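A.B. asks: Build the 3D model from these lines:
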Amino acid sequence: MLSNPKPRTPLHSREISFNGFAREDGLWDIEAHLKDTKSHPFTTGSRTWTPGEAIHDMWIRVTVNKELVIQAIEVSMDAHPHPECPEVVPPMDALIGARLGKGWRKTIETHLGGIQGCTHLRDLLNNLATAAFQSIPGALFHPDEKKPPLYLGKCKSWDFDGPVVMRVYPQFYQWKE
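C.D. replies: Below is the predicted model of the structure:
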């Protein structure tokens with residue numbers, strides 16, 4: 001827990017959530033939600049939002065198979081600051097057929113970078129892959145494989161030379177490619 005802060009005034013709140021679901025048809029849905037609110041009246045263009053009213057309220061649902069290949073994508077912008085914002089929804093279909101995993105951020109940037117997409121939706125997509133990895137059993141590692149799970153060597157706890165890998169994946173302890 002953080003320490004008690006100095007006296008301050010709240011300005012902005014962003015809530016982000018990710019949820020993973022196993023579907024009856026053998027696919028998985030990964031959903032992402034982003035909601036921005038202000039604690040004071042906020043104006044863009046000719047519109048003013050009241051305190052606590054969502055300025056951004058955006059959803060993404062990505063359906064993937066066991067290889068983490070996107071089968072379908074759905075986007076909803078329940079709240080957005082500009083009438084042009086929803087124009088970024090149709091280009092999201094370019095991600096169908098892409099695979100969550102190595103190169104995912106580059107794929108997002110290629111298809112939805114700059115003015116082709118929305119900063120907020122790209123932020124959700126960047127982190128959606130991690131939610132998929134956490135949701136789908138065996139998505140990153142199959143016990144009969146000779147290669148280590150993709151997350152080994154990507155953070156302090158999963159250091160190939162560390163005690164966690166030694167305990168959990170002793171076959172990959174001190175792994176060198």
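A.B. asks: What is the helix-or-strand element of the chain with minimal mean pLDDT packed up against?
C.D. replies: Lowest by mean pLDDT, DSSP states H and E among the helices and strands of the chain is strand 42-44, with a mean of 92. Applying 3 or more Cβ pairs under 8 Å, 6 or more residues apart in numbering; DSSP states H and E, we find strand 42-44 packed against strand 47-49. Any C-beta I mention is one placed from the backbone N, CA and C, and that applies to glycine too.
A.B. asks: For the following helix or strand past the strand it packs on, name the packing helices and strands.
C.D. replies: Where DSSP states H and E defines the elements, the next helix or strand beyond strand 47-49 is strand 54-64. For strand 54-64, the elements it packs on are strand 28-38, strand 70-79, helix 119-135, judged by 3+ Cβ pairs under 8 Å, 6+ apart.
A.B. asks: how's the protein carved up into domains?
C.D. replies: Structurally, the chain divides into domains by automatic domain parsing as follows: 12-137, 145-177.
A.B. asks: measure the last one end to end?
C.D. replies: Okay, so that is domain 145-177. End-to-end distance of domain 145-177 (Cα to Cα, to the nearest Å): 15 Å.
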